[in-house]
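K.L.:
Structure, please.
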Amino acid sequence: MKYDNFGGTWYANTYPCCACDVPAVWYSLSFALNSNWSTVQPPQYEIEEYILKVTEHHKLKDKTKFKTSIEKYVYDDVKNEWIIYGHEVNGRSIIHRAKFLLACQAEIVYPNHLRAEGLEDFHGSYIHSALWDHSVDFKSKDVVVVGNGSSGNQCVPALLKDYEVNSLTQVIRSKHYIIQPFPTIFHSLYNLLSWSYIGIYLVRLI
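P.N.:
Numbering: from 1, shown residues only. The predicted structure follows:
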């Protein structure tokens, strides 16, 4: 695992107003159903807390290798097992053998940084949403947001509302279709239905 704790995208992404863009009950594992979400689409930290709670309950930390990147894996036909090659953050190479291999690596774990002409001459702060720098002061600044994916759609309203920016310009390539967050009236209903498998099934039909 690349990071130093569980959570994946919910551990790495901490930009303003980062949240689930689908009902969070769909993130609940079948053996660890959760009916205590604060909203239908809760913020990032709630999902991270849920994941950490599940991993702690099942004592997975001692069985997980953190701060490690996998380079490749090869199947050994002689011993009928996988050989996994990787390296730790300190550069030390590792080789691990396993009978079973589940390839669950995130495809966007490495951010696609902006490549714009003249960016090297820009003297202000440059931040990627996946590597948010919470030390940057946005107050009275002119802010440009490039992109209108999920992170762009979530952080722009937060920047306008809570960060006292002087101006904000969003640059987009094409139109993006979105729906409004689930109405508050659905919050209690989702939590009520999410305590059982039957409830989860009904939630998926809503």
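K.L.:
From here on, just use CA atoms for contacts and neighbour counts.
P.N.:
OK.
K.L.:
Gly8 versus the closest residue in space to Cys18 that isn't next to it in sequence, what's the distance?
P.N.:
What sits nearest to Cys18 in space, not counting adjacent residues and going by C-alpha to C-alpha, 6 or more residues apart in numbering, is Gln44, at 5.4 Å. The spacing between Gln44 and Gly8, counted by C-alpha to C-alpha, to the nearest Å, is 11 Å.
K.L.:
ok, now Ile178?
P.N.:
Applying C-alpha to C-alpha to Ile178 and Gly8 gives a distance of 24 Å.
K.L.:
Compare the two (neighbour count), which wins?
P.N.:
Gly8 (17 against 10; other C-alpha atoms under 10 Å).
K.L.:
Do a quick rundown of the strands in this structure.
P.N.:
Applying DSSP state E to the chain gives strands spanning 68-76, 81-88, 93-98, 142-146, 167-171.
K.L.:
I'd like the ones you listed as a markdown table, with distance to Cys155, mean pLDDT and mean neighbour count appended.
P.N.:
Shown next, in a markdown table, are these (distance: least, C-alpha to C-alpha, whole Å; pLDDT from 0 to 100; neighbours: other C-alpha atoms under 10 Å):
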| stretch | distance to Cys155 | mean pLDDT | mean neighbour count |
| --- | --- | --- | --- |
| strand 68-76 | 29 | 93 | 14 |
| strand 81-88 | 32 | 95 | 16 |
| strand 93-98 | 38 | 95 | 13 |
| strand 142-146 | 9 | 96 | 15 |
| strand 167-171 | 11 | 96 | 13 |
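K.L.:
could I get the ones you listed as CSV with distance to Asn13?
P.N.:
Below are the strands of the chain laid out as CSV (distance: least, C-alpha to C-alpha, whole Å):
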stretch, distance to Asn13
strand 68-76, 18
strand 81-88, 21
strand 93-98, 27
strand 142-146, 16
strand 167-171, 20
